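J.: dropping a prediction and its sequence here:
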Amino acid sequence: MGSNYFCVNQFSTIEKIYNNTKPIKESGYGTTRDIRPLGSRSRKYERVIKISRNCYAMIDACHESYVNFGAQYTTSYSGWKVEDIAPILWRRDSQGNEFVRIRNGMGSHAHVARYSFLERAVPFPMRFTVGNGKQYVGCADYGLFYLPKGVTTPTKNKKLYLEFQRIERCGSWKLVSEEHTIPKIVVTLDKEAKKEIKPYADKFWDWWCCIAPMIDISWESNVVYRNQYAEYMKSMRLTEIHKIVDENLFVEVLKNDDHPLRMYMAHKFTQYSDINDKWRPCTDAKKLRAKFNNFVNRESNLITKTKEN
């Protein structure tokens, strides 16, 4: 994902980085914010924060956005302690035992910047990996552990981390926090609604198969169709400009052969289908039809996904 590995493998290293790094002098702040970069000074958002003599946090751009940008629009993160949301937290107890606490990003969406940071920040021989939309921390001889995403409710977010203790004699790590279970997602299809729109979807499919070879999916045409969609939404005084297609609008398009956005919808499915500008007669018709079915379900909001408790 990225370069600039920090090579922090024990508590004394992060302590040394903090003590030996000169704070950045910022315009309007001077050194009052105590910005001490972990690596390049041009990436000051990747920095170390001293919480106490026995606790240091390694933070990234995601942390900065939670605390600074997020606080402008929501109170979700206001008043949170650094250790509540820091991606990497180093601790040392009174017996000299060392611990590292690792956190994912907050929210169900992807956190690419956080993933890149964790990949470079977890201590050796740990490794941070992403697979099938899930994030894990691997520890030699102890396995791969699921790293859940955080939430903006402090009480629920409190234990959504993985914490490891350093095994001094071999320089490895063992999990000492709760091991998290990968949540099972239950997918439900609204069969009654699907049955109602199926005849219209079938008709749209037949029409699309006839015109697909003529649909331009170049970047320029993408701009044209997006502008067409935006103009239609504006003319209808609909507010969801940033949502690609409202489910009710999509059903309207299916039912109306003369709808102004019918070609827009055909173009959108063509992009979704991954068919390139050279129409391939050898395209697997069964897979293509399955993609169309998924497209209809998604755009009509017929699918509900819930986490099984």
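T.: Thanks, I have the structure now.
J.: use CA for all of it now, contacts and neighbours both
T.: Will do.
J.: what's the following helix or strand after the lowest-mean-pLDDT helix or strand in the chain?
T.: Sorting the helices and strands of the chain by mean pLDDT, DSSP states H and E puts helix 70-73 at the bottom, at a mean of 38. Using DSSP states H and E, the helix or strand that follows helix 70-73 towards the C-terminus is helix 82-85.
J.: per-residue confidence averaged over that next one?
T.: The average pLDDT within helix 82-85 is 85.
J.: which strands and helices sit next to that helix?
T.: Using 3 or more C-alpha pairs under 8 Å, 6 or more residues apart in numbering; DSSP states H and E, no helix or strand is in contact with helix 82-85.
J.: show me which residues of the longest helix along the chain are buried.
T.: Across the chain, the longest stretch assigned as helix under DSSP state H is helix 191-211. Using 16 or more other C-alpha atoms under 10 Å as the test for burial, helix 191-211 gives 194, 197, 200-201, 204-205, 208.
J.: ok, residue 214 to residue 298 distance?
T.: From residue 214 over to residue 298 the distance is 25 Å, taken as C-alpha to C-alpha, to the nearest Å.
J.: just say helix, strand or coil for residue 144.
T.: Following DSSP: H, G, I helix; E, B strand; the rest coil, the label given to residue 144 is strand.
J.: what's opposite the closest residue in space to it that isn't next to it in sequence in the beta bridge?
T.: Of all residues not flanking residue 144 in the chain, residue 138 sits nearest, at 4.2 Å (C-alpha to C-alpha, 6 or more residues apart in numbering). Taking DSSP bridges as the rule, residue 138 bridges to residue 127, residue 144.
J.: test my guess that residue 138 contacts residue 145.
T.: Yes: in this structure, residue 138 is within contact of residue 145 by C-alpha atoms under 8 Å, at 6.1 Å.
J.: before we move on, back to that, elements contacting the helix or strand that the longest helix of the chain is followed by?
T.: Next helix or strand after helix 191-211 toward the C-terminus (DSSP H and E): helix 219-235. Judged by 3+ C-alpha pairs under 8 Å, 6+ apart, helix 219-235 is in contact with helix 262-272.
J.: next, the angle from the helix it packs on to helix 191-211.
T.: 90 degrees (axes from the mean of the first three to the mean of the last three C-alpha atoms, to 10 degrees).
J.: which outside residues touch helix 262-272?
T.: Defining contact as C-alpha atoms under 8 Å, 6 or more residues apart in numbering, one finds that helix 262-272 is touched by 208, 212, 215-217, 225-226, 228-229, 250, 253-254, 291-292, 295.
J.: how is this structure divided into domains?
T.: 11-182, 185-308 (automatic domain parsing).
J.: go through these and pick out the most buried.
T.: The highest mean neighbour count among the domains of the chain, using mean count of other C-alpha atoms under 10 Å, belongs to domain 11-182: a mean of 17.
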